[in-house]
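Novice: Structure for this input, please:
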Amino acid sequence: MLPYRLLAVDLDGTLVRGDGTLAERTRSALQAAARCGIKIVVCTGRRFRTTLPILSQLELQVPVVVHGGQLIKDTRTYETLHHNYLPQEICLQSITFLKRHGVTPIVYVDLFAQGTDIYLDNDRDGHPYHLEYMEKNRTYCQFVGDVARTFCPQTIHVGALADRESLERVDGYLAHQFGESLRHLVISDAGRQGYYLEIMSPGSSKWHALSVLLQAEGIAPEQVISIGDEINDLEMIRHAGLGVAMGNAIPAVKAVADHVTLSNEEDGVAHVVEQFLLKEAKDDVPRTDRP
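Specialist: Model prediction:
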């Protein structure tokens with residue numbers, strides 16, 4: 001069996017607890033794994049800007065997969081190392097489709113250096129969950145009147161925040177209207193009661209982005225441990241050498257996992273690192289006889 005060389009770990013519901021904090025045991029375990037030569041890659045649906053505070057706590061300067069696999073960013077230079085932008089034509093079609101079905105679109109752009117993450121029509125319209133999110137992120141929003149009539153450069157994906165029932169209904173309409181010409185899914189919005197609809201380029205996923213990093217590093221999929229809890233983690237858990245579901249993971253993720261660990265409130269990630277990486281590294285240390 002090839003030794004594990006890379007740990008891919010989701011953020012919300014996995015690496016961090018429900019209150020958004022990082023447990024000291026988890027932080028220490030990841031830092032110990034890094035000292036043993038294990039590459040740590042955070043793979044999250046979050047924006048790069050909201051991922052950086054957690055990375056700073058880890059004190060690890062490594063590439064990070066954000067926006068569910070749409071971007072790979074360098075945490076030292078903030079450079080985009082890989083992207084799978086949404087084509088402008090599909091972006092416009094998605095925006096128009098959402099508006100036609102009574103959903104307020106959120107357009108995410110890769111303009112971190114310019115201080116802009118989000119394009120919106122205005123700061124008045126939308127579901128209460130949408131308005132709460134907008135107010136929290138107002139500093140990084142551009143209000144343009146009508147995103148359907150605005151050129152949105154370097155569009156990462158189009159999203160929407162609302163209740164689960166509404167978004168799952170729209171998600172079904174998207175599948176019927178667009179087929180496989182785009183990727184879309186509904187996930188819970190971490191830390192809130194709402195749900196989130198993501199519309200992305202086809203073929204994009206956390207695993208697809210990870211595969212780019214694996215090829216660059218010469219690491220085989222069998223040498224990867226992936227840990228997650230939500231539907232957007234399913235592919236990287238299924239294809240990794242060891243796919244791990246959190247104790248709080250949704251049933252679909254647990255169904256494809258090789259191993260189920262404890263929940264994010266119980267240091268589930270630390271348990272995996274200690275059991276499969278640190279123990280393995282300790283066992284590999286040559287033993288010497290004492291005089």
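Novice: Going by C-alpha atoms from here, please, whenever you check contacts or count neighbours.
Specialist: OK.
Novice: so what pLDDT did Thr288 get?
Specialist: Per-residue pLDDT puts Thr288 at 38.
Novice: actually Asp121, not the one I wrote
Specialist: pLDDT, Asp121: 97.
Novice: Excluding chain neighbours, what is closest to Gly37?
Specialist: Arg5 (7.4 Å; C-alpha to C-alpha, 6 or more residues apart in numbering).
Novice: That neighbour: neighbour count?
Specialist: Residues near Arg5, counting by other C-alpha atoms under 10 Å, number 22.
Novice: which residues touch it?
Specialist: Going by C-alpha atoms under 8 Å, 6 or more residues apart in numbering, Arg5 touches Gly37, Ile38, Lys39, Ile219, Gln223, Val224.
Novice: Could you find the closest non-adjacent residue to the fifth one?
Specialist: By that I understand Gln223. Tyr4 (4.2 Å).
Novice: Any figure for the gap between the one you found and Ser166?
Specialist: 42 Å (C-alpha to C-alpha, to the nearest Å).
Novice: sorry, back to before: Provide the backbone phi and psi angles at the residue nearest to Gln223.
Specialist: Tyr4 adopts backbone torsions of phi -70, psi 140, taken as degrees, to the nearest 10.
Novice: Contact partners for it?
Specialist: By C-alpha under 8 Å, 6+ apart, the neighbours of Tyr4 are Ile38, Glu222, Gln223, Val224, Ile225, Leu277.
Novice: cool, Leu6 as well?
Specialist: Ile38, Lys39, Ile40, Val41, Ile219, Gln223, Val224, Ile225.
Novice: Looking at these, which are in strands?
Specialist: Lys39, Ile40, Val41, Val224, Ile225 (DSSP state E).
Novice: what about the first one, neighbour count?
Specialist: By that I understand Lys39. So Lys39, with other C-alpha under 10 Å, has 19 neighbours.
Novice: Without its sequence neighbours, what residue ends up closest to it?
Specialist: Closest to Lys39 by C-alpha to C-alpha, 6+ apart is Leu6, at 4.6 Å.
Novice: ranges for the strands of the stretch 1-150 of the chain?
Specialist: 6-9, 39-42, 64-66, 71-73, 80-83, 106-111, 116-120, 141-143 (DSSP state E, counting those that start in this stretch).
Novice: deepest of these, which one?
Specialist: strand 64-66 (a mean of 28; mean count of other C-alpha atoms under 10 Å).
Novice: got a markdown table for the strands of the stretch 1-150 of the chain, with distance to Pro153 too?
Specialist: Output for the strands of the stretch 1-150 of the chain, formatted as a markdown table (distance: least, C-alpha to C-alpha, whole Å):
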| stretch | distance to Pro153 |
| --- | --- |
| strand 6-9 | 29 |
| strand 39-42 | 25 |
| strand 64-66 | 18 |
| strand 71-73 | 15 |
| strand 80-83 | 13 |
| strand 106-111 | 7 |
| strand 116-120 | 10 |
| strand 141-143 | 12 |
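Novice: So which of the ones you listed is nearest Gly268?
Specialist: Among the strands of the stretch 1-150 of the chain, the nearest to Gly268 by C-alpha to C-alpha is strand 6-9 (11.2 Å).
Novice: Given that closest one, what are its sheet partners and their directions?
Specialist: Partners of strand 6-9 in the sheet, by DSSP bridges, are strand 39-42 (parallel), strand 224-228 (parallel).
Novice: next one: that strand to chain centre, how far?
Specialist: 12 Å (C-alpha atoms, centre = their mean, to the nearest Å).
Novice: Let me have the ones in strands among the contacts of Leu6 in JSON lines, adding pLDDT and distance to Leu210 as columns.
Specialist: Shown next, in JSON lines, are the ones in strands among the contacts of Leu6 (pLDDT from 0 to 100; distance: C-alpha to C-alpha, whole Å):
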{"residue": "Lys39", "pLDDT": "96", "distance to Leu210": "12"}
{"residue": "Ile40", "pLDDT": "96", "distance to Leu210": "11"}
{"residue": "Val41", "pLDDT": "97", "distance to Leu210": "8"}
{"residue": "Val224", "pLDDT": "98", "distance to Leu210": "10"}
{"residue": "Ile225", "pLDDT": "98", "distance to Leu210": "11"}
